[in-house]
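Engineer: What shape does this take:
(2 chains)
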Amino acid sequence: MVRNMIDPSAAPAGTRLLYSGNEAVARAVWESGVRLATAYPGTPSTEILETLALYPDLTAQWGVNEKVALEAAIGAALAGGRAFCAMKHVGVNVASDALMSQTLAGINAGLVLAVADDVGLSSSQNEQDSRYWGRFAHLPVIEPADAQEALAFTKMAFEISELFGTPVILRMTTRVCHVKTLVEVGERKEPQERSFIRDPRRWVMLPVHAREMIPRQFEREKALSAFGDTSELNTEFPGSDRSIGIVSSGPAALSAREAAPDTPLLKLGFSCPLPLERIRAFAQSVDQVLVVEETEPLIENELKAAGLAVHGKDVLPRTGELSVPLIRSAVARLKGEPEVASEASEAAPSLFPRPPTLCPGCPHLSPFYSLSKLHDKVIVSGDIGCYTLGAGQPWRSMDLCTCMGASLSMAGGLSVAKGPGDEDKSIVAVIGDSTFLHMGLQGMLNLVYNNANVTVLLLDNRSTGMTGGQEHPGTGYNLYGETTPRVDLVGLVKALGVPEDRVFEIDPYALPEMYKTLRNETRREGVSVIVTNRPCVLTSRHKAGGALTVDEDRCTGCGNCLAVGCPAIEVVRREERVLASGKTRELSFVRIDSAFCTGCGVCAEVCGPKAIQPLAQVKAGALETEGA
Amino acid sequence: MSTLADRASGSEKGAAMTDRVTNILLTGIGGQGVLTAAELLAATAVAEGFDVKKTEVAGMAQRGGVVTSHVRMGQKVLAPAIAPGEGDFLISFEVAEALRAAPMLRKGATIVVSDLVMKPPVVHQGLFPYPDDPVAELRRQGWAVRAIPARAIAERLGNVRLINTIMLGGLSDLLPFEGAILRAQVVDRFRVRKPALAELNAQAFDAGRDACLAGV
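Structural biologist: Okay, here's the model as predicted:
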């Protein structure tokens, strides 16, 4: 699939293109002569590697998780080839073991780690600020504000990496990654050729070696700080009103400029180590300093620690994006001016929500329908992927979800420490294929090793679904769409020690079997694993069947099919009916939108009066009747 | 290295423009083509010499959730996103979604809204009501509303996928550049990717434009 697409390296230097930050970083990686680029998909970083797959002259690889992706990149950088690794903010938690020690050893050829923060949590479980890693790991942090800077700064990051012999963190946010703007692309430049340097004292992190590296790390940090004080990555914008000066970084700096165009602004593109002397000089030129940073008060606290009286989170929010009106009102407050009222009207009055939901024909529908029917008998330990939507309506069948792979290990803990009132509840863990291979294997092994009482639902849709259907070792294809050995998940869990008779491969469209197997296994001691085997409906691996339809004469309005949660099922009419018992019941008569129906048949399985039929069959029947 | 400072002067062609940035919001449901429409709008503005920033919240919103794109165009565009209360135009591909996005607009802003109704599963499940007459509610709130019978037009032209093009046609006379330029951009895109649909999309664009003018 990737092979047929346009090669973006064909755009000559000087061409101006509408690029997202992610596309710009990819171009810069190619222009910098990188040999290996790795990543694990994660919003908002995913498109960097997807774009890199279109470029020649380099190898791009999905890593199984962020740790191995970074380790592969480190290996390449030590071998002498420039290397690049991308991940979302929470990915660094996974990769941090490698990061925290490689920072001591340093690198050979340039290594840039692009980290994409989800400021405002549009698609993540937390809002952690990746700039901390720079302080924690003693690494330089570079912060582009838009796509043009993303291109320029990435190239600079490789130069800095080699100049100081250190990995460099390129900190992006959603409003850099996913914002398209005009980008002038540059020339590809071959980096200096390097080979592996055999030097165990440098690369083998024995305590005796590591201890020697620590003073060098501090020296490096000092040199980086001096570099930051004069770096062209830090830019000052003049302003006539010197009652306030703004220190800012990333896209918030652009919003600050728009909010207060007459206020002097020091924009930090090289924000760690903090260019303290540069900031001191700037602070002396204005009456008071306002730090505009998303999300944590990092620069603010470091400046306060350095003895500078600055404002920041006292007038600005500590979470979410810093929009123009927020900054405008913070500036007004500091100046003692009346705040300009925002024109934003009141929030829409009581409009229905439209949360994301599972797709029509999604193979996760029947497992979650089954779990919802067992609702009072189970505690469901969930994981990260599309199936986290099972926590929502109408299933409400996920009770916890923390981080990648945690469903299995946390389920083990739940099964050991169930409290009073929960004794009769079974523990179910739900995890998808990509997440299982990312960080679930160890949890699975832990369940078996410790003889836990947990039923595992391994929802294999042969795709990293939530991020847009990326490949992984369980799909049998790599980033380029080339075939690779496909992991046999059923064989794998057996190899981890789950007994032969406790592993079930189930067609999720066969709802009765799905439900029965789940119910039976939750009643048993030990570990069971139920692996589903239908592909994601949004991938080319899915083949839709003929649409279904509702026979109006047969539909009794019972609403059972609505509990499946398929978005193709719509209510056409509601009626109140008094039952023989005297109670009233609301009936919901339905239709199926044939444009969305994939013919999976799960709704037909729960339809008592057999009102749901293949559309083709009903049409053929109607023709026959007409003909007769 | 091109930095913010180098570019602060803006593009040459844009030099004749006013300083004001035009903020356009596009809203709809994942899969409706909101992102493609925003992309077309941004590409047209770029071709006309504007500085442009285009952004949206993607990710989980793809799964039947709300998708909102921001397109900002002007001589020089700084902030990446449109702040609440600063939108100049809203183009809504689903009728009730205009109500959700309207608080993003400034007073006196214009809403171009499709008649398409797409009720989410939570409404079908009886958990929440769907508003009776979203267009009337928008008018009651005081917005300048241009309601476009996009679904009816698309059905008349024989392809429901034309709704995007119809809505872009509806917006075309409100932009800071000639609507004909956007039309050419849309038709060219089809000419390259799906030539059989180019003529049909040209008709859809014109029908949307006419409906918008009629609906003032």
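Engineer: So what sits opposite residue A:20 in the bridge?
Structural biologist: residue A:180 (DSSP bridges).
Engineer: I'd like to know how many residues surround the residue of the stretch 101-250 of chain A found nearest chain B.
Structural biologist: Residue of the stretch 101-250 of chain A nearest chain B, by C-beta to the nearest C-beta: residue A:123 (3.0 Å). Where you see a C-beta, it was placed from the backbone N, CA and C, and this is true even at glycine. Neighbour count for residue A:123, taken as other C-beta atoms under 10 Å in any protein chain shown: 20.
Engineer: And it, how far from residue A:419?
Structural biologist: For residue A:123, the distance to residue A:419 (C-beta to C-beta, to the nearest Å) stands at 33 Å.
Engineer: Tell me how many other residues crowd whatever residue of the stretch 401-550 of chain A ends up closest to chain B.
Structural biologist: Closest approach between the stretch 401-550 of chain A and chain B, counting by C-beta to the nearest C-beta: residue A:466, at 7.0 Å. For residue A:466, the neighbour count with other C-beta under 10 Å is 27.
Engineer: quick one: low-confidence parts of chain B?
Structural biologist: Scanning chain B for pLDDT under 70 picks out B:1-18, B:58-62, B:215-216.
Engineer: run the last query once more with 80
Structural biologist: For chain B, the stretches with pLDDT under 80 are B:1-19, B:57-63, B:215-216.
Engineer: Quick one: the helices in it, in order.
Structural biologist: For chain B, the helices defined by DSSP state H occupy B:4-7, B:34-47, B:97-101, B:121-124, B:134-140, B:150-157, B:163-171, B:179-193, B:198-214.
Engineer: right, so these: which one is the most enclosed?
Structural biologist: Comparing those by mean neighbour count (mean count of other C-beta atoms under 10 Å in any protein chain shown), helix B:163-171 comes out on top with a mean of 29.
Engineer: which strands and helices sit next to that helix?
Structural biologist: Here helix B:163-171 touches helix B:34-47, strand B:87-92, strand B:105-114, strand B:144-148, helix B:150-157, helix B:179-193, helix B:198-214, going by 3 or more C-beta pairs under 8 Å, 6 or more residues apart in numbering or on different chains; DSSP states H and E.
Engineer: Quick one: list the elements packing against the last one.
Structural biologist: Think helix B:198-214. strand B:144-148, helix B:150-157, helix B:163-171, helix B:179-193.
Engineer: what's the next secondary structure element after the helix or strand containing residue A:247?
Structural biologist: Assigned by DSSP states H and E, residue A:247 belongs to strand A:244-248. Using DSSP H and E, the helix or strand that follows strand A:244-248 towards the C-terminus is helix A:251-259.
Engineer: Is the next helix or strand along the chain from that next one positioned near chain B?
Structural biologist: The helix or strand immediately downstream of helix A:251-259 is strand A:265-268, counting by DSSP H and E. Yes: applying C-beta under 8 Å from any C-beta of the partner chain, one finds strand A:265-268 touching chain B at residue A:267.
Engineer: do stretch A:45-53 as well
Structural biologist: No: applying C-beta under 8 Å from any C-beta, one finds stretch A:45-53 separated from chain B by no less than 9.0 Å.
Engineer: So chain A: which segments form each domain?
Structural biologist: A:2-230, A:234-335, A:365-532, A:548-627 (automatic domain parsing).
Engineer: could you redo the ones you listed as TSV and give each row mean pLDDT?
Structural biologist: Below are the domains of chain A laid out as TSV (pLDDT from 0 to 100):
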stretch	mean pLDDT
domain A:2-230	96
domain A:234-335	97
domain A:365-532	97
domain A:548-627	92
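Engineer: what residues does stretch A:408-424 touch?
Structural biologist: Outside stretch A:408-424, the residues that touch it by C-beta atoms under 8 Å, 6 or more residues apart in numbering or on different chains are A:377, A:379, A:381, A:383, A:400, A:402, A:425, A:427-429, A:431, A:440, A:442-444, A:446-447, A:450, A:452-454, A:456.
Engineer: which of those residues count as buried?
Structural biologist: The neighbour-count test (16 or more other C-beta atoms under 10 Å in any protein chain shown) marks A:379, A:381, A:383, A:425, A:427-429, A:431, A:440, A:443-444, A:446-447, A:452-454, A:456 as buried among the contacts of stretch A:408-424.
Engineer: Same list, these, but only the ones touching chain B.
Structural biologist: The subset of those lying close to chain B, counting by C-beta under 8 Å from any C-beta, is empty.
Engineer: about what we covered before: out of the contacts of stretch A:408-424, name the ones that lie in strands.
Structural biologist: Using DSSP state E, A:379, A:381, A:427-429, A:431, A:454, A:456 are the members of the contacts of stretch A:408-424 that sit in strands.
Engineer: Farthest-apart pair in these, please.
Structural biologist: The most widely separated members of the ones in strands among the contacts of stretch A:408-424, counting by C-beta to C-beta, are A:379 and A:431 (15.0 Å).
Engineer: At which residues are the helices of the stretch 451-600 of chain A located?
Structural biologist: Remark: helices assigned in the stretch 451-600 of chain A by DSSP state H, counting those that start in this stretch are A:489-495, A:511-522.
Engineer: Flag every residue of the stretch 51-200 of chain A that's near chain B.
Structural biologist: Residues of the stretch 51-200 of chain A lying near chain B by C-beta under 8 Å from any C-beta: A:122-123, A:145-146, A:148-149, A:152, A:155-156, A:174-176, A:178-182, A:184.
Engineer: Among these, name the ones in strands.
Structural biologist: Using DSSP E, A:180-182, A:184 are the members of these that sit in strands.
Engineer: Dump the residues you listed to CSV, plus neighbour count and distance to residue B:44.
Structural biologist: Listed next are these as CSV, based on neighbours: other C-beta atoms under 10 Å in any protein chain shown; distance: C-beta to C-beta, whole Å:
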residue, neighbour count, distance to residue B:44
A:180, 27, 13
A:181, 27, 15
A:182, 20, 13
A:184, 16, 20
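Engineer: Run a quick neighbour tally on residue B:115.
Structural biologist: Neighbourhood size, residue B:115 [other C-beta under 10 Å]: 17.
Engineer: next one: residue A:304
Structural biologist: Quick note: residue A:304 (other C-beta under 10 Å) scores 14 neighbours.
Engineer: Confirm it sits in a strand?
Structural biologist: No: remark: residue A:304 does not belong to a strand; assigned using DSSP: H, G, I helix; E, B strand; the rest coil, it is helix.
Engineer: so it sits right up against residue A:310, yeah?
Structural biologist: Yes: here residue A:304 reaches residue A:310: they are 6.4 Å apart, a contact under C-beta atoms under 8 Å.
Engineer: so what's the residue nearest to residue B:212 when sequence neighbours are not counted up against?
Structural biologist: The shortest distance from residue B:212 to any non-neighbouring residue, by C-beta to C-beta, 6 or more residues apart in numbering or on different chains, is to residue B:170 (3.9 Å). Residues near residue B:170 by C-beta under 8 Å, 6+ apart: B:91, B:112, B:146, B:148, B:150, B:208-209, B:211-212.
Engineer: Go again with 7 Å.
Structural biologist: Residue B:170 is in contact with B:112, B:146, B:148, B:208-209, B:211-212, counting by C-beta atoms under 7 Å, 6 or more residues apart in numbering or on different chains.
Engineer: How about residue A:241?
Structural biologist: Residues in contact with residue A:241 (C-beta under 7 Å, 6+ apart) are A:262-263.
Engineer: my read is it is in a strand, agree?
Structural biologist: No: using three-state DSSP, the secondary structure at residue A:241 is coil, not a strand.
Engineer: Relative to residue A:488, how far out is residue A:454?
Structural biologist: The gap separating residue A:454 from residue A:488 is 22 Å, by C-beta to C-beta.
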